[in-house]
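>>> Need a 3D model of the sequence below.
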Amino acid sequence: PEASLPSTEEGVSKMQKLEERVGIGTGVSVHKMLEFERNGHTKMPNLLQNAGMDVEEVYTAFENVFNARLVEAYTQKMRLFGVAPKLLSSLVDPDEAREMMEEICEAEEREIPFLQIFHLHEGSSKSAQTLRKLALSPHLGKLAADLMGVTSVMLYQTSAFVKEAGNAETRWHSDLNTAPFDTNHMVTFWIALTPVPTFDEAPLEFATGSHRDFALPYWYSNEGMRNLDARNYPIKSHEPLLSGDATAHSGWVLHGSPPNMSEERRCAFAITYVKSGARTLSKDGLRRQPDDEDMEGYREWISRIKPGQPAIHPALPIVYQQ
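Residues are numbered from 1 along each chain as shown. As a prediction, the model looks like this:
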């Protein structure tokens, strides 16, 4: 006899039992896990509130840490422009650093870029402690583990992404292409600290399914991967985002962000987790080297771990373990 389809109630009951069996107790539904696995990204409404954090408190802490390190944000961009480190090391005034960056952009016909700094959770200030409490939250650790399908995760880095009104687009990239890990298990929570009601406020855009496109990195160099039009990825963004909402994305999914066409400053706090004990890249047999754009994010510890060995270091604390 033909098998009958389960009723709606039976289907819901089976889904609940499945969620209980896989240990989901932090708000990640099986549907959300499948969406993340298939697409490489998903929306996480009320992420801060669900982690027990006050949105205004986190935003204030973010602003305090970012403003205290504003010179670093400008010099990080100018380093990528190729400005001599000796010249950058002499900068101490944020206004002077900003003027230098703007002059370089004008002379080289560049658009003004967004600003970024790493490891906002480090330091002894009250603001850094607030951000550390969030980054080391077992709630977020469990979310990351569920999305990656692993039993233990460690914190890799926290990052600030600030786009002033009119700042340029963020180029398409994948996070694991700029990281020193030999793994597929990485997830980033990109948390909106200012509202992103429309596309004008520059949300992240994702090339849906690109994390599953094995042919792209296998056959093409970094240069060859820049023209993605022929691959016909469905492009998706998750606006509107309220303050405290977030998106989660896989380490290999291609993503970027349009220019900030609004009149408001857009602030996002990103927290990145990796499977505990992920190995660093070996020096032998690599098809290509990782992009060094994010080197400042791992410079502190990478020299203390032999290539190809598990990344175990105090700077990479375990956040969740089943």
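
>>> The closest residue to residue 256 other than its chain neighbours: what's it in contact with?
Counting by CB to CB, 6 or more residues apart in numbering, residue 256 lies nearest to residue 172, which is 4.3 Å off, once chain neighbours are set aside. Quick note: C-beta positions are derived from backbone N, CA and C, even for glycine. The contact partners of residue 172, by CB atoms under 8 Å, 6 or more residues apart in numbering, come to 207, 226, 228, 254, 255, 256.

>>> right, and the fifth one touches residue 249 too?
Think residue 255. Yes: between residue 255 and residue 249 a contact is recorded at 5.9 Å, counting by CB atoms under 8 Å.

>>> Between the two, which contacts overlap?
With CB under 8 Å, 6+ apart as the test, residue 255 and residue 249 both reach 41, 204, 206.

>>> In TSV: these, plus pLDDT.
Below are the shared contacts of residue 255 and residue 249 laid out as TSV (pLDDT from 0 to 100):
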residue	pLDDT
41	98
204	98
206	97
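
>>> helices or strands up against the strand ranked longest in the chain?
For the chain, the longest strand by residue count, based on DSSP state E, is strand 152-163. Using 3 or more CB pairs under 8 Å, 6 or more residues apart in numbering; DSSP states H and E, the elements in contact with strand 152-163 are helix 55-68, strand 115-118, helix 126-135, helix 138-148, strand 266-275, strand 318-321.

>>> how distant is the fourth one from the center of its chain?
Relative to the centre of its chain, helix 138-148 is centred 14 Å away, using CA atoms, centre = their mean, to the nearest Å.

>>> do stretch 206-219 as well
That offset, for stretch 206-219, works out to 18 Å (CA atoms, centre = their mean).

>>> Okay, buried residues for that stretch please.
206, 207, 208, 209, 210, 211, 213, 216, 217 (16 or more other CB atoms under 10 Å).

>>> which of the residues you listed lies closest to residue 93?
residue 206 (37.7 Å; CB to CB).
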